[in-house]
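Engineer: Provide a 3D model corresponding to the input given below.
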Amino acid sequence: MALPPELVSQITGALDLQPDPLDALAGFDQVQVINALLPDESSISQAEAVQSKLRTHLRQLEDETRRLRVELAAEHDEQRVQVLQELIAELLAQVARIREKAAESEAIVREMTRDIKALDNAKTNLRTSMLALKRFQMLVNATTQLSHETASASYAPAAETLKAVRQLSAHFKPLARVERIAEVLGECQAVQARLREQVLGEFRAFVGGGPEKEGAERERRRVRDAAGVVDALGEDARTQVVDWYTSHLLRDYRRIFRPTDEAGQLDNLPRRFAWFRRVLKAHDDQQASAQVWPESWAVGQRLVVHFAGITRDDLRTVLERAAPTLTVSLLLESLSATVEFEREMGRKYGVSFPDLVRTLSSTPLAPSVANTTMSSSFEPHLHIFVQAQDKTLSEMVSTYRSARPSLDRTAAADGRGDGERGVLESSTELFYFYRQTLEQGAAISRGTMFRELVGVFGRWLRAYANDVLLASLSSSAPPSRRSADLIRRSAEEPRWNVAELRGACVVLNTADYCLSTSTQLEDKLKEKIAEEFREEVSLEAERDVFLSVASSTITRFLRELASACEPAFGAMLRTPWSNLGVNVVTGPSAYIRDLIHAVRDVAEVVKDGVEGRKYWRSFGDKAVGFVVARLTQCVVRSRPISTVGAEQILLDLQELRQCLMELPNGEGETTSPTSSYGRYINKTMGRLETILKVILTPADPQEAFVQSYASLVQDRSFANFQKILDLKGVKRADQNNLLDIFLAVTSSNPDLQDTSFLTSLDMDPPASAASALPQSLVSPILDSNPSGAFGPGGSGAGGTDTPPSGQAGARHNVFGDMRKFFSNAVSRKDSAFVGGGAGGRDGSAG
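Structural biologist: Numbers count the residues shown, from 1 in each chain. Take a look at the predicted model:
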């Protein structure tokens, strides 16, 4: 038998029973106890003492357990247990008797209060009956009074009486099964129906009457009172009156402007709006003089919405029929007229037209009007506008493809030194067209059509980059221009075209202009498009294409530089570096002077033509990499190189270093060696100088030569040391002894590395200059470490050629100010290597 919890608690208190100590072990955690005894690593040494202490405690607990068991056995008394059981049985019997007494008391109280409750119910029913009888009498009297007021056309008091009748009738609708109540309710409905027809007739008579009747003050007051009755009749009566009134005013509109008649066609859409403006003005004039329509009815707004619903349906029909022959001009004219009318109505009533339609369409006052605007009827046909813009852009880009002479004229203008640094006119024309189309498209629709227009913009931006800019870059100048623009340094020097190089500068400027302007275009598109399509707007792919064009342009610069420098490198290869015929170096070689002239000529054209500092910086880095890589190839192909030859090349390198240091600022102004550009030059040329310094070291004594190699190159590679021996022209018989010494020296030096820059040195380089050009110029603006004689390894000045955050934010706001649009398109003045120093690839200035 399960005892109640409260009884168990009382028994426990009476017997003074203590809780079971074993219950405390329910949540015992031995890990926590061990961590408490041994809190850190230093306490592990005391583990034996702790263990001994625990054993002692365990023995004490066992002794205590045995003692308690003995006491329990001694105190166990069966007679005492029997007494406790008898007490418990007696206590349960007392509880049962108490429950029985409580039930009897409840029955007695219920019997005593039964008559009192009956009296209370009778009193409540009597009060309710009297109140219902009083209300019923009021309903009968009010119905009779309303009937008389309806017969006498007393609308002002009838409105108040009607409110009372409707309120009283609501109380008796649940009692409609009572015959007398049903009879009175039926009479109320009949009176209200007669009153409804009567007030509707008043409005019809007032609206359909002549000017003299409309001007009578008595008639206007009577109609105003009838409006109060309509309000009392409820929303359905008000809807009936307003719908009849708007339909009455628009009855001629349906007849005149049928979709099947000429007047209802799309080119007569302005006539529709002009006709309605006259009707709306007549209504406003009548309302201003008569004041018969309550403001809460918003009759003017509902008249507009009713007209919009009819016109919307007509436009859908007309547009579907005219779709095969619909022109863009007619579509835009009609849509512009519709949008302007909607804006006009929105301004008139202080709310946007879509909100006006949405608000009234959601109420029972205009149940037949759909929740759409008139301009929404054009949405399924706006693809015609997108197709027209697509066709126009196709024609524009097609014209630009064949407009190669314009690139030549721009390049020639730069060559005349008139100070103008421009972009292709086609780019400014393209973005100006985008600006006009964007504004026009936003005025038409910001939804699906605008999203399609964004796709057209992106497609033709890519086409312009690929088919115009890249095509202009890859095509060659006409022969007539070519002969005038060629420069020769000697009879054997390959030709390089100045006009083509200047034209490539124009292409680079145009790509940079399109790159920055496309970002503004994307921001403007996101601003104009509907919220649900905003996340889909992105011109990132188009910007990548323009960045690729800029990369290809820098590749073109480097190829022109290679063509200009190749005669000098050819002269270097023809020089007998193993036997120059002199014992003392007296000055720079002739080939290095030609090389410096070629580098300066190309760099001057690029510097004058390129506006973007980051592109000029990228070209400078890559030009340094190319020249040094090609020079290294020539040194390798010219082996063996004597000591005097290495000394001569080192002297030539100093002249070249001076030339490269002057590139950012011009001849005579040297870049600081501590700038990122200066550090890049020193690092790039330092490898070749290290090779030449090792070659310059005499091979005898041999141990000093090996020590010089280990100190300068700092590696223990046999293959790399063999490359130096081949470059120096050491005989095979002497190489074995040198290799033994090399092994002995490097094995005792743990600081030497297994590889160095010599590991990637190609001992059989190609003969063409193109081999020293960067092997991967997908994005030279992002990677200015050209591969060459030493392969792709090693970094330059560090970082990338992407513009710093400040530059990215300072883009030309073409889509914000049209005057700035044209000025920025014609002349943008970015300085190359700001501050007179050369910006390295990390974007810092020298």
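
Engineer: how much space between the residue nearest the centre of the chain and Gly609?
Structural biologist: Among the residues of the chain, the one closest to the centroid is Glu535, at 5.8 Å (CA atoms, centre = their mean). Glu535 is 40 Å from Gly609, where distance means CB to CB, to the nearest Å. For every residue, glycine as well, the C-beta is placed using N, CA and C.

Engineer: next one: Phe718
Structural biologist: Counting by CB to CB, the gap from Phe718 to Gly609 is 49 Å.

Engineer: Next: Ala274.
Structural biologist: With distances defined as CB to CB, the gap from Ala274 to Gly609 amounts to 59 Å.

Engineer: neighbour count winner among the two?
Structural biologist: Set Ala274 next to Gly609 and count neighbours by other CB atoms under 10 Å: Gly609 wins out with 23 against 11.

Engineer: Quick check: the more buried one vs Pro664, distance?
Structural biologist: Distance of Gly609 to Pro664, given as CB to CB: 15 Å.

Engineer: now do Lys683
Structural biologist: The span separating Lys683 from Pro664 equals 17 Å under the rule CB to CB.

Engineer: which one of the two has more residues nearby?
Structural biologist: More neighbours surround Pro664 than the other of Lys683 and Pro664, with 28 against 16 (other CB under 10 Å).

Engineer: That one in helix, strand or coil?
Structural biologist: For Pro664, the reduced secondary structure class is coil; criterion used: DSSP: H, G, I helix; E, B strand; the rest coil.

Engineer: Kindly report the same for Tyr432.
Structural biologist: Classification of Tyr432 by three-state DSSP places it in helix.

Engineer: Roughly how far does it sit from Val454?
Structural biologist: Plainly put, Tyr432 is 18 Å away from Val454 if you go by CB to CB.

Engineer: which of these two has more neighbours?
Structural biologist: Under the criterion of other CB under 10 Å, the comparison of Tyr432 against Val454 puts Val454 first, with 24 against 15.

Engineer: The more buried one: what's it in contact with?
Structural biologist: Counting by CB atoms under 8 Å, 6 or more residues apart in numbering, Val454 makes contact with 525, 529, 536-537.

Engineer: Look at it and report its pLDDT.
Structural biologist: If you check Val454, the pLDDT there is 91.

Engineer: got the phi/psi numbers for it?
Structural biologist: The phi and psi torsions at Val454 (degrees, to the nearest 10) take the values phi -60, psi -40.

Engineer: and what of Arg177?
Structural biologist: Per-residue torsions, Arg177: phi -70, psi -20 (degrees, to the nearest 10).

Engineer: Contacts made by the helix or strand hosting His283 with the rest, please.
Structural biologist: Taking DSSP states H and E as the criterion, the element that holds His283 is helix 269-290. Helix 269-290 is contacted by residues 214-215, 220, 223, 249-250, 253, 256-257, 263-264, 292-293, 299-300, 303-304, 307, 311, 315, 334, 337-338, 341 when judged by CB under 8 Å, 6+ apart.

Engineer: and the nearest residue to Leu473 once chain neighbours are set aside, what is it in contact with?
Structural biologist: Nearest residue to Leu473 in three dimensions, chain neighbours excluded: Val507, at 5.2 Å (CB to CB, 6 or more residues apart in numbering). Taking CB under 8 Å, 6+ apart as the definition of contact, the neighbours of Val507 are 407, 424, 469, 472-473, 549, 553.

Engineer: Just give me the least confident of those.
Structural biologist: Leu407 (52).

Engineer: Where does pLDDT dip in this structure?
Structural biologist: Scanning the chain for pLDDT under 70 picks out 1-28, 74-77, 80, 209-216, 361-371, 404-421, 475-496, 665-671, 673-674, 767-846.

Engineer: Strands of the stretch 401-550 of the chain, residue ranges please.
Structural biologist: Across the stretch 401-550 of the chain, reading from the start of the chain, the strands by DSSP state E, counting those that start in this stretch fall at 486-487, 496-497.

Engineer: re earlier: distance check, the residue nearest to Leu473 against Val423.
Structural biologist: Val507 sits 9 Å away from Val423 when distances are taken as CB to CB.

Engineer: hmm, back to that, filter the contacts of Val454 down to just the buried residues.
Structural biologist: Burial by neighbour count, 16 or more other CB atoms under 10 Å: within the contacts of Val454 this picks out 525, 529, 537.
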